[in-house]
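A.B. asks: Starting from these lines, generate the structure:
(one chain, ligands or ions: 1)
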Amino acid sequence: MCGIVGVLGTHEVSPIIVEALKRLEYRGYDSAGIATINDGHLDRRRAVGKLINLSDLLVHDPLPGKSGIGHTRWATHGAPSVTNAHPHRAGSVAMVHNGIIENFRELRDDLIAKGVVFETETDSEIVPKLTQHLMDGGMGPIEAATKTLSYLEGAFALCFLFDGEDDLIFAARKGSPLAIGHGEGEMFVGSDAIALAPMTDKITYLEEGDSAVVTRAGVQIFDSSGRLANRPVKAIKMDNARVEKAGHKHFMAKEIAEQPVVMGDAITHYLKGAPPQIALPDAGLDLTAFDRVTMVACGTAHLACLTAKYWLERLSGLPVEVDVASEFRYREPPIPARTLAIFVSQSGETADTLAALRFCQGKADKIVAVVNVPESSIARESDLVLPIHAGIEIGVASTKAFTCQLSVLVMLALKAALERGHMPVEAVQTHLTTLRSLPGMMNAALTLSDDIQAIATKLAEARDVLFLGRGPMYPLALEGALKLKEISYIHAEGYASGELKHGPIALVDKQVPVIVMAPRDALFDKTVSNMQEVMARGGKVVLITDSDGARLAGDGTWKTLIMPMVPDLFAPILYAVPAQLLAYHTAVAKGTDVDQPRNLAKSVTVE
Ligand code: M6R
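C.D. replies: Presented below is the predicted three-dimensional model:
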C-alpha cells in the first residue's frame, strides 16, 4: 500500500508533491520518489527510506518542473531499494502505483519474450513497460494507458506522466481509492483528500473502474466501459493545518496525551442535553430493526469490535459476531435477514475491511461505518457514518482512535439497550452521565506515566510478555500485546485469564513479565486466582487495578499500578491508557522508531 500524488501546477511542483507525500506517509515509508516534466523532458528522483531522504536528495539535486507525480512506498514485491522505488519509468512513460498487479508475472513474461527488459523486482513495473510497448506500436499516450488497464488484474490506483506532455496526467483506479483535486488553472490527483487538503478543497472521487484524463483545464472521467462519466465535485472540509508534535517527543505520546480532549469531543458529538440523550447523525438507526450484528475490522479496530461485542450482547441482548476482515471476506459467511453490519476503521481505507463491507452490500439490512476519516472509502460506501472525532492520528500505533472507537461503540450499545427495552431509561442515563466524566478519569490515568516509564525500563529487557484480562478486559489484553509488539518489537501475547492454564502458562518463568488488567469488577476474584497461579510459577506480575483491587489482591506482585475507580462498563476505555503507555515507554527505552515502526504502515490499503 502506497501513497500517490500528481500535480499539474503553475509553480514548481517538487515542493508541493513532497508536502502532499508527507500527508500520505501513513501509507508507507520504505521509499519515496518524484518524476516531473522539465523543459518538456521527463526526469525523476528516488530515495530509499523515509520521505526526509528524498527531501534531502532534492536539496542537492533539485527536480524542476511544473508537472509531476510522486509516490511513497510500502514494499510488497521487491525489497525497499532505489531501483524498486516509484516512479517507475519505461521510455517516455513514468508511473506511480498503489495496489498489487496480480497477473504481472504472465504479462512480464509475455513482454520479455518480445524483447522488453525489466529492471525491478516489482509488480508495478509492468504497467509503464506495457504502456510504452503499446506506444511503440503506434498508440498515443492516452490510448496506450487506457489499453494497458484492460490487461491488468488485481488492485490499483495509477498515475501516469509522459515525456513531452507538460499538460497531461492519466489516472485510473480499480480497488484502490483515488481522488482528483480541482484548483485555479491547476489540477491534482491524490490517494485521498487529506493529501490534497493544502492545495484544494474541491474533490472528485473516481469510482471503481474509472480512468481520468487530467489537464490544467479540468478532468474528463471515463467509466469502466469507456463512456464519459459525470462524477460530482464535492467541497471537502479538511484540517489543512500541518500536524505538529506539540512539544511531545513522538506523535504517539501526543496522541495518548490528547485522549481526554478528543474523547470529550467524541462524547459531545453524540450526547445532547441533560439528562443526556444519544443523538446519531443523519437519519440515525432503528436498533429494534435487527436480530443480530456482525462487526468486521482489522488490528486495533478489530479489538475495539471484540470489546463492543461484550457491551452489545450484555446491554442490548443483540447477538454479535466479530471477524477480522481478511478472514471474513473470503469466508463468505451467510448474512441472515435483519443483520446490522458494522465496519470499524480509523483510516476508512483498510483494503480488507472495505472488501468485507462490499461483500455485505445488498445482504445486510444496514451498513454502518465507525471511522475517523469521514471522507474515506469505507465511510462513502456505508449507509450511515458514525465519525469518532479523534482528529488526525499520525502514529502508526493506534491510540486515541481506539478509545474514541470504544466511546462511540459503548454509546451505540447503550442506545440499543434503551431502544430494545433491555435497560431502564434511568440506568442508561446514569451510564451516560458517567461517560461524560470519563475524560477527567483519563487525565488521572495519564498521571501514571512516570510510574509506567520506570516499569518499562525493565520491560524493555524482556523477550516475551504476556497480557491477561477477563470479560471485556480480555480484548484489552490483546490490544496491550499488539501495541507492545508493534512498536517495541518484543514478542507479546494477550490471553483470556481463564485460558492461561490451558497451555500458555507453560511460557511463564522468572523472565516473563505478565501484565494483568483487572479492575475490581465482578470477575476480579477469578482473575486474581489466575494471577496467583502465575506468581506461584515465578512469573513477574504487573497488576493494573484500582485501589479496591490492590487491597484485595494481596502481596506478591512485582509492581501494582493503581488506576482511578471507574464503573465496570467503561473500564476497557480507561485501562487502554496504561496499556498504551507501557508500550510507548518500552519502545522509547529500546530506542525503536516509535511513530513509524519497521515493516508497518498506518493504513493497509492492500490485502
Ligand atoms: O485504519 P484501520 O483502523 O482500518 O487500521 C486497522 C489496523 O491496520 C490498525 O488498527 C493497526 O492494527 C494499528 N497499527 C494498531 O496499532
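A.B. asks: The ligand contacts on the protein?
C.D. replies: With Cβ under 6 Å from any ligand atom as the criterion, the chain meets the ligand at residues 298-301, 345-347, 350, 353, 396-398, 482, 486, 603-604. From N, CA and C alone the C-beta is placed, and that goes for glycine too.
A.B. asks: per-residue confidence at residue 95?
C.D. replies: Per-residue confidence (pLDDT) for residue 95: 98.
A.B. asks: what about the nearest residue to residue 376 once chain neighbours are set aside, neighbour count?
C.D. replies: For residue 376, ignoring the flanking residues on the chain, the nearest one in space by Cβ to Cβ, 6 or more residues apart in numbering is residue 348 at 2.3 Å. Residues near residue 348, counting by other Cβ atoms under 10 Å, number 28.
A.B. asks: distance of residue 348 from residue 261?
C.D. replies: 22 Å (Cβ to Cβ, to the nearest Å).
A.B. asks: Can you name the residue of the chain nearest the ligand?
C.D. replies: Going by Cβ to the nearest ligand atom, the ligand is nearest to residue 299 of the chain, at 1.9 Å.
A.B. asks: That residue and residue 324: what is the separation?
C.D. replies: From residue 299 to residue 324 the distance is 8 Å (Cβ to Cβ).
A.B. asks: These two: which has the busier surroundings?
C.D. replies: Ranked by neighbour count (other Cβ under 10 Å), residue 299 and residue 324 place residue 299 first, with 21 against 18.
A.B. asks: Could you verify my assumption that that one touches residue 482?
C.D. replies: Yes: with contacts counted by Cβ atoms under 8 Å, residue 299 reaches residue 482, the gap being 6.9 Å.
A.B. asks: how about the helices in the stretch 101-250 of the chain?
C.D. replies: Per DSSP state H, counting those that start in this stretch, the stretch 101-250 of the chain carries helices over the ranges 104-113, 126-136, 141-151, 193-196.
A.B. asks: Residue 19: neighbour count?
C.D. replies: By other Cβ under 10 Å, 17 other residues sit near residue 19.
A.B. asks: In three-state terms, label it for me.
C.D. replies: helix (DSSP: H, G, I helix; E, B strand; the rest coil).
A.B. asks: Please name the residues that touch the spatially most distant residue from the centre of the chain.
C.D. replies: Farthest-out residue of the chain from its mean C-alpha position, per Cα atoms, centre = their mean: residue 138, at 42.9 Å. For residue 138, the contact set (Cβ atoms under 8 Å, 6 or more residues apart in numbering) is empty.
A.B. asks: Find me the pLDDT at it, would you?
C.D. replies: pLDDT, residue 138: 97.
A.B. asks: Residue 607 too?
C.D. replies: On the pLDDT scale, residue 607 gets 72.
A.B. asks: Isn't it up against residue 352?
C.D. replies: Yes: with contacts counted by Cβ under 8 Å, residue 607 reaches residue 352, the gap being 5.4 Å.
A.B. asks: what do these two both touch?
C.D. replies: With Cβ under 8 Å, 6+ apart, residue 607 and residue 352 have common neighbours 326, 329.
A.B. asks: rank the helices of the stretch 101-250 of the chain by mean pLDDT and give me the bottom one.
C.D. replies: The stretch with the lowest mean pLDDT among the helices of the stretch 101-250 of the chain is helix 193-196, at a mean of 86.
A.B. asks: Run through the neighbouring helices and strands of it.
C.D. replies: Applying 3 or more Cβ pairs under 8 Å, 6 or more residues apart in numbering; DSSP states H and E, we find helix 193-196 packed against strand 3-8, helix 14-24, strand 179-182.
A.B. asks: Highest mean neighbour count out of these?
C.D. replies: Stretch with highest mean neighbour count among those: strand 3-8 (a mean of 30; mean count of other Cβ atoms under 10 Å).
A.B. asks: which other helices and strands contact it?
C.D. replies: Applying 3+ Cβ pairs under 8 Å, 6+ apart, one finds that strand 3-8 makes contact with helix 14-24, strand 67-73, strand 93-101, strand 154-162, strand 169-174, strand 187-190, helix 193-196, strand 211-215.
A.B. asks: follow-up on the earlier one: local confidence estimate at the residue nearest to residue 376?
C.D. replies: For residue 348, the model assigns a pLDDT of 93.
A.B. asks: who are the neighbours in contact with it?
C.D. replies: Contacts of residue 348 by Cβ under 8 Å, 6+ apart are 369, 371-379.
A.B. asks: Widest-spaced pair of these?
C.D. replies: Spanning the widest gap among the contacts of residue 348 are 372 and 377, at 13.1 Å by Cβ to Cβ.
A.B. asks: And the pLDDT at the closest residue to residue 246 other than its chain neighbours?
C.D. replies: In this structure, residue 246 finds its nearest non-sequential neighbour in residue 254, 5.4 Å apart by Cβ to Cβ, 6+ apart. We have a pLDDT of 95 for residue 254.
A.B. asks: What is the burial count for residue 254?
C.D. replies: Using other Cβ under 10 Å, residue 254 has 20 other residues around it.
A.B. asks: ok, it touching residue 248?
C.D. replies: Yes: at 4.0 Å, residue 254 counts as touching residue 248 under the criterion of Cβ under 8 Å.
A.B. asks: how about the helices in the stretch 301-450 of the chain?
C.D. replies: Under DSSP H, counting those that start in this stretch, the stretch 301-450 of the chain gives helices at 325-331, 351-360, 377-380, 400-419, 425-436, 438-446, 449-459.
A.B. asks: Out of those helices, which is the most enclosed?
C.D. replies: Mean neighbour counts for those (mean count of other Cβ under 10 Å) peak at helix 400-419, with a mean of 26.
A.B. asks: what angle do that helix and helix 425-436 make?
C.D. replies: 170 degrees (axes from the mean of the first three to the mean of the last three Cα atoms, to 10 degrees).
A.B. asks: pLDDT averaged over helix 400-419, what's the number?
C.D. replies: Averaged over helix 400-419, pLDDT sits at 97.
A.B. asks: Next up, the contacts around the nearest residue to residue 526 once chain neighbours are set aside.
C.D. replies: What sits nearest to residue 526 in space, not counting adjacent residues and going by Cβ to Cβ, 6+ apart, is residue 470, at 6.3 Å. Contacts here follow Cβ under 8 Å, 6+ apart; on that basis residue 470 touches 496-498, 518, 523, 526-527, 530.
A.B. asks: Buried only: go through these for me.
C.D. replies: 496-498, 518, 523, 527, 530 (16 or more other Cβ atoms under 10 Å).
A.B. asks: now the helix or strand containing residue 37: how far from the chain's centre is it?
C.D. replies: Using DSSP states H and E, residue 37 maps to strand 31-38. Strand 31-38 sits 26 Å away from the centroid of its parent chain (Cα atoms, centre = their mean, to the nearest Å).
A.B. asks: residues in contact with residue 150?
C.D. replies: Residue 150 sits next to no residue when contact means Cβ under 8 Å, 6+ apart.
A.B. asks: Pull up the gap between it and residue 103, please.
C.D. replies: From residue 150 across to residue 103, the span is 12 Å (Cβ to Cβ).
A.B. asks: coming back round to it: neighbour-wise, which one of the residues of the chain next to the ligand leads?
C.D. replies: That'd be residue 345 among the residues of the chain next to the ligand, by other Cβ under 10 Å, with 33 neighbours.
A.B. asks: Excluding chain neighbours, what is closest to residue 208?
C.D. replies: Per Cβ to Cβ, 6+ apart, closest to residue 208 is residue 174, 6.4 Å.
A.B. asks: what are the bridge partners for that neighbour, then?
C.D. replies: residue 156 (DSSP bridges).
A.B. asks: Could you pull up the contacting residues of it?
C.D. replies: Taking Cβ under 8 Å, 6+ apart, one finds 99, 149, 152, 155-156, 208-209, 224 in contact with residue 174.
A.B. asks: Any chance of these in a markdown table with distance to residue 412 and neighbour count as columns?
C.D. replies: Putting those into a markdown table (distance: Cβ to Cβ, whole Å; neighbours: other Cβ atoms under 10 Å) gives the following:
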| residue | distance to residue 412 | neighbour count |
| --- | --- | --- |
| 99 | 33 | 26 |
| 149 | 41 | 19 |
| 152 | 40 | 22 |
| 155 | 31 | 21 |
| 156 | 35 | 23 |
| 208 | 29 | 13 |
| 209 | 34 | 16 |
| 224 | 36 | 15 |
